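>>> Below are the sequence and a predicted model; questions follow.
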Amino acid sequence: MRGTASTPYTWTAALWRVAIAVAFNAIILCTIRAEEDIVAVTTRTTSIKLIIPGGGSAVKTVPANTRLPVISEDGETLTVRDASGFEGTISAKDVRLELAMSGSSGQSGAQTSDVSVQDAEDKEDALMDDAGRAPSLVAREDAPVPAAGSVPEEAPRVEVRAPETSPPSGFGGFGQTSPPKREVTVAAINEAFGAKLFADTNLWDDSAKEVAKRLRWPLESSTSVQSSYRLYAGSTDEILGARPYSLVLYAKKEQPDMISMVFANKGDFEGLADMRSERRKERDEPMDSREERQMRKAHTNAIQTFTEAVRQDARTIEQKLTTLLGPPERREFGTTQAMREMVLRWDWNSHAILLASPRDEYTAVRVMRSELADDKGRSSAMPGAELRDWLKSCVSKATNGDVLIRDIPMVDQGPKGFCAPATWERYLRYMNVPADMYILAMAGGTQFGGGTLASVMRNNAATLARQYGRRIESVDSDIDLRNIDKHIDKGLPILWTCFVYDDIEKAITLRSIERSRVSNWEPYLDTLKPVRREATRKRSPDRDRAHMRMIVGYNAKTKELAISDSWGEWAELRWITLEEAAAISAGDLTIMRW
């Protein structure tokens, strides 16, 4: 295990603070200042308070053993960023410095403030690490244990050598031997993924239809400029050694643009989904109390196992990719603070493979063009004038008075309560802004199984939109044609928060099917009269029924609105009377414009 490189390891102005008890391992604790830039730290107390600058006394609790990227450091104070994007200050005494310096892990000459010393294989060396993340070899005699309360006059000098088998600076920290340099074949990479992802060494010149066909992922959405193919995988499916939940191929002009594979996540994870989804109310009969109790128990149990499932998926996938492609690089990905991720990156020909696993959110793998990954996922924006003209071209007008916006991509939220993230993804992509409902859910503080703070989601979506020259605006909340038609006529859908009631949802679904067959509109208008009267019945707002959808059209003659939900193809276009819409409205109407 002995490495060939040997570099002095200097402890600078060390102050020994804690007496160490030696049992099976000796634990050395000290506080040091790193001579090189600190990349990240790990919390060491049961919890700490992250003080938010400008927030007065605002603090945020950060759990123990949380890895925090360091933005800057000033003496005893570090500015760090947590997994949800919040930046704040933390005392240096509450964290461990990693063995990772300047973006690499386990290098000779690294420094740390929390070291565990264990036996190495040859017994002449010890294995030093910080909480199991980045082990390095040190001569045993150079790893002394201080006496209780002692403060050495001179800082000890310790020689640290990188082991021959250096684990990657990833999520798992496993001791996987780096493979020898060799060409990775198409067959080998398909075997690792467990799917026929590649036909040759360039995915980007394939037909998206052909890629989806060999993967057996069904069409989710197709517009004149983009398409997507999504599979909500079954419990026996496996990708990269882990169970996937959502698999999607995004395409532009019928050529692959990106592949997203989402594994354990707080929306789809078994037992978390369904509890908060509007779609669980689509049953012919409502749940009885026993079924409701069983579902809530499963939800509670799932929360308890979810965090470890996310970590395990990340470890499994990291090991699989590292065995094939070698150690990854650690990078930041994302163009806004709230949607930024720390990712592991592997490159194969013109493909970047990114592994992201933000704490208590999801584990995801994305395959994209290397240059897109270099730009942290930012693509070129369509100029405002060009966008304005294109949006107008998306508006169609029928002889019966129907005015509709076409070319809005569909995103199927699946069995979870992700209506807000999915609907925002639809709108953003329609406006030529790349988006992903899982990243939006992270930014919006979406709860386990679903349920999103609308204001937080809106603010973070607005930040993303501004980077592409778009802005988000609230509009008058009145459900009135004069308030709605002016936006639809410009090709601007309206995000609408409302409440989902079983009787109205079933009625508008059946009526929309019948409406598609209507040729004589006078009798149809007569059938709407009792519907309008019934809609005036007062309904109590029910927070559990809150929902976000789009208004995508109107008909001034029939006084109806066209609505679109993130529930798949069957819910892409339905019609609702103005009276029904007013009865279920929660009052928030939002547009995005150039």
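Done, it's in. Numbering: from 1, shown residues only.
>>> all contacts plus neighbour counts: C-alpha atoms, from now on.
OK.
>>> so where do the strands sit in the stretch 201-350 of the chain?
Counting by DSSP state E, counting those that start in this stretch, one finds strands in the stretch 201-350 of the chain at the ranges 219-222, 226-232, 246-252, 255-265, 329-333, 341-348.
>>> Kindly export stretch 412-419 (C-alpha atoms) in CSV.
Provided in CSV are the C-alpha atoms of stretch 412-419 (Å, rounded to 0.1, in the frame of the first residue of the first chain):
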residue,chain,number,x,y,z
ASP,A,412,-46.1,14.3,-16.6
GLN,A,413,-45.5,14.7,-12.9
GLY,A,414,-46.2,11.0,-12.3
PRO,A,415,-47.8,9.8,-9.0
LYS,A,416,-46.3,12.5,-6.8
GLY,A,417,-47.6,15.9,-5.9
PHE,A,418,-45.2,17.8,-8.2
CYS,A,419,-47.8,19.9,-10.0
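>>> how about the strands of the stretch 201-350 of the chain, which one is nearest Thr527?
Of all the strands of the stretch 201-350 of the chain, strand 219-222 sits nearest to Thr527, with 32.4 Å by CA to CA.
>>> which residues touch the one helix or strand Ser396 maps to?
In this assignment (DSSP states H and E), Ser396 forms part of strand 395-397. With contacts defined as CA atoms under 8 Å, 6 or more residues apart in numbering, strand 395-397 is touched by Val403, Leu404, Ile405, Arg406, Ile488, Asp489, Lys490, Gly491.
>>> ok, the helix or strand following it: who's next to it in the sheet?
Next helix or strand after strand 395-397 toward the C-terminus (DSSP H and E): strand 402-405. Sheet pairing of strand 402-405 (DSSP bridges) gives strand 395-397 (antiparallel), strand 546-555 (antiparallel).
>>> Please work out which of these is packed deepest.
Mean neighbour count (mean count of other CA atoms under 10 Å) peaks for strand 546-555 among those, with a mean of 24.
>>> what's the average pLDDT for it?
The pLDDT scores in strand 546-555 average 97.
>>> thinking again about what came up before, which single one of the contacts of strand 395-397 is nearest to Ser350?
Distances from Ser350 to the contacts of strand 395-397, taken by CA to CA, are shortest for Arg406, at 33.7 Å.
>>> Show the model's pLDDT score for that closest one.
pLDDT, read off for Arg406, is 97.
>>> Which parts of the stretch 451-594 of the chain are strands?
471-475, 494-499, 546-555, 560-564, 574-577, 585-593.
>>> quick one: contacts of the third one?
It stands for strand 546-555. Under CA under 8 Å, 6+ apart, the answer for strand 546-555 is 278, 401-405, 419-420, 423, 481, 485, 488, 492-500, 560-566, 586.
>>> The fourth one too?
The set of residues external to strand 560-564 that reach it, using CA under 8 Å, 6+ apart, is 404, 549-555, 571-578, 581.
>>> Out of the contacts of strand 395-397, which is nearest to Ala443?
Using CA to CA, Gly491 comes nearest to Ala443 of the contacts of strand 395-397, at 26.9 Å.
>>> For Val552, see how far away the closest one is.
In this structure, Gly491 and Val552 are 9 Å apart, going by CA to CA, to the nearest Å.
>>> Now do the shared contacts for the two.
Ile405.
>>> give me the low-pLDDT residue ranges for the stretch 101-250 of the chain?
Where the stretch 101-250 of the chain drops to pLDDT under 70, the residues are 101-182.
>>> The same query, at a cut-off of 50, please.
Applying pLDDT under 50 to the stretch 101-250 of the chain flags residues 101-169, 173-180.
>>> so which of the strands paired with strand 402-405 comes closest to Leu372?
Closest to Leu372 of the strands paired with strand 402-405, according to CA to CA: strand 546-555, at 29.8 Å.
>>> what's the angle between that closest one and strand 585-593?
70 degrees (axes from the mean of the first three to the mean of the last three CA atoms, to 10 degrees).
>>> tilt between strand 546-555 and strand 560-564?
Going by the same axes, to 10 degrees, strand 546-555 makes 130 degrees with strand 560-564.
>>> Backbone dihedrals for Ile189, please?
Dihedral angles of Ile189 (phi, psi; degrees, to the nearest 10) stand at phi -70, psi -40.
>>> And the closest residue to it other than its chain neighbours, how far from Ala199?
What sits nearest to Ile189 in space, not counting adjacent residues and going by CA to CA, 6 or more residues apart in numbering, is Leu324, at 7.4 Å. Distance from Leu324 to Ala199, counting by CA to CA: 18 Å.
>>> more crowded one of these two?
Using other CA atoms under 10 Å, the more surrounded residue of Leu324 and Ala199 is Leu324, with 20 against 14.
>>> and the more buried one, what is it in contact with?
Applying CA under 8 Å, 6+ apart, we find Leu324 in contact with Pro179, Val184, Ala188, Ile189, Ala192.
>>> among the strands paired with strand 402-405, which is nearest Val62?
The closest of the strands paired with strand 402-405 to Val62 is strand 546-555. By CA to CA, the value is 30.1 Å.
>>> First-to-last residue distance for stretch 573-583?
20 Å.
>>> Name the residues of that stretch that are buried.
Leu573, Arg574, Trp575, Ile576, Thr577, Leu578, Glu579, Glu580, Ala581, Ala582, Ala583 (16 or more other CA atoms under 10 Å).
>>> Check stretch 344-359 too.
Neighbour-count burial for stretch 344-359 flags 344-348, 351-359 (criterion: 16+ other CA under 10 Å).
>>> Greatest separation within the residues you listed: which pair is it?
Longest span within the buried residues of stretch 344-359, CA to CA: Trp348 and Arg359, 26.9 Å.
>>> what's the domain layout of the protein?
With domains defined by automatic domain parsing, the chain comprises 7-161, 186-374, 384-593.
>>> per-stretch mean pLDDT over these, give me the minimum one.
domain 7-161 (a mean of 47).
>>> so who does the closest residue to Thr363 other than its chain neighbours touch?
Computed as CA to CA, 6+ apart, the closest residue to Thr363 that is not its neighbour in sequence is Ser357, at 4.3 Å. Contacts for Ser357 (CA under 8 Å, 6+ apart) come out as Phe171, Val310, Arg311, Ala314, Glu341, Met342, Val343, Thr363, Ala364.
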